[in-house]
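Visitor: Give me coordinates for this.
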Amino acid sequence: MSQQQYPYAAPPPGPFGPPVPPPRPNGTNVMAILAIVFAFLFSPLGIVFGVVGRRQTARTGQAGRGLATTGLVLSVVFLLLGIAATVYLTVLAGQLLRSVPTTSVPEAPTVSTPAVTGPVGPGTVGVADGDYGPELPADALAAEVGTRSGATDVICPGYLPAQVEASSTCDGTLDGQAARFRATVTAVDGSEATIDIAREQ
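Guide: This next block holds a predicted model:
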């Protein structure tokens, strides 16, 4: 009598078998690619994409970690070069602006009207008794010089002796300019003296 053979069933796999690795993402990391692209277009954004791409590839195992690193390094280099170029161009522009001669418009020459000198005309001033004899008071002399010459704010220093050929200088303002006049006694007749007024400047 032959013994019956029963098929052998393999035991199910135990729970302690080797772990199955998770499926690896296909393709290259997008952030790594963007890091390379923006390293040439806009380096600050390339730095951001490079950092994010390195973190994502380290976490997921996706390809592109080298690209992210390259994009990050290039972005930093281009950013530093851009800053250095901006500083250099700013300094150069400042030096050029300082070296450019400024064209100034020449001022128009001021034409000054020369003072007319010469005789103004005769006048009469009342004679008063002073401490040293007959005299022409300073205020009366100044009033007469102003009336005859048309000057204002005329001041005559001190008194003028009522003697022929005695003279005194008086200062005033004529046509907005300083003017000086000389009053010379030409005749004395009792209580009145005749003076000759001439402009000196």
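Visitor: Just the strands from this structure, written as ranges.
Guide: Under the criterion DSSP state E, the chain contains strands at 118-126, 128-130, 133-136, 152-155, 160-161, 167-174, 177-189, 192-199.
Visitor: Redo the ones you listed as JSON lines? Include mean pLDDT and mean neighbour count.
Guide: From N, CA and C alone the C-beta is placed, and that goes for glycine too. Below are the strands of the chain laid out as JSON lines (pLDDT from 0 to 100; neighbours: other CB atoms under 10 Å):
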{"stretch": "strand 118-126", "mean pLDDT": "80", "mean neighbour count": "14"}
{"stretch": "strand 128-130", "mean pLDDT": "84", "mean neighbour count": "12"}
{"stretch": "strand 133-136", "mean pLDDT": "87", "mean neighbour count": "19"}
{"stretch": "strand 152-155", "mean pLDDT": "90", "mean neighbour count": "15"}
{"stretch": "strand 160-161", "mean pLDDT": "86", "mean neighbour count": "22"}
{"stretch": "strand 167-174", "mean pLDDT": "89", "mean neighbour count": "18"}
{"stretch": "strand 177-189", "mean pLDDT": "90", "mean neighbour count": "17"}
{"stretch": "strand 192-199", "mean pLDDT": "90", "mean neighbour count": "20"}
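Visitor: quick one: which of these is nearest residue 78?
Guide: Of all the strands of the chain, strand 177-189 sits nearest to residue 78, with 71.8 Å by CB to CB.
Visitor: So which elements touch that closest one?
Guide: Counting contacts by 3 or more CB pairs under 8 Å, 6 or more residues apart in numbering; DSSP states H and E, strand 177-189 is packed against strand 118-126, helix 138-149, strand 160-161, strand 167-174, strand 192-199.
Visitor: closest one to residue 87 among the ones you listed?
Guide: Closest approach to residue 87 among the helices and strands packed on strand 177-189 is made by strand 167-174 (61.8 Å; CB to CB).
Visitor: Need the CA coordinates for that closest one. PDB is fine.
Guide: Taking C-alpha atoms only, strand 167-174 is exported to PDB below (Å, rounded to 0.1, in the frame of the first residue of the first chain):
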ATOM      1  CA  SER A 167      33.300 177.000   2.900                       C
ATOM      2  CA  SER A 168      31.800 173.800   4.300                       C
ATOM      3  CA  THR A 169      30.900 170.400   2.900                       C
ATOM      4  CA  CYS A 170      27.500 168.900   3.300                       C
ATOM      5  CA  ASP A 171      26.400 165.300   2.600                       C
ATOM      6  CA  GLY A 172      23.100 164.100   1.400                       C
ATOM      7  CA  THR A 173      21.200 161.700  -1.000                       C
ATOM      8  CA  LEU A 174      20.400 162.500  -4.600                       C
END
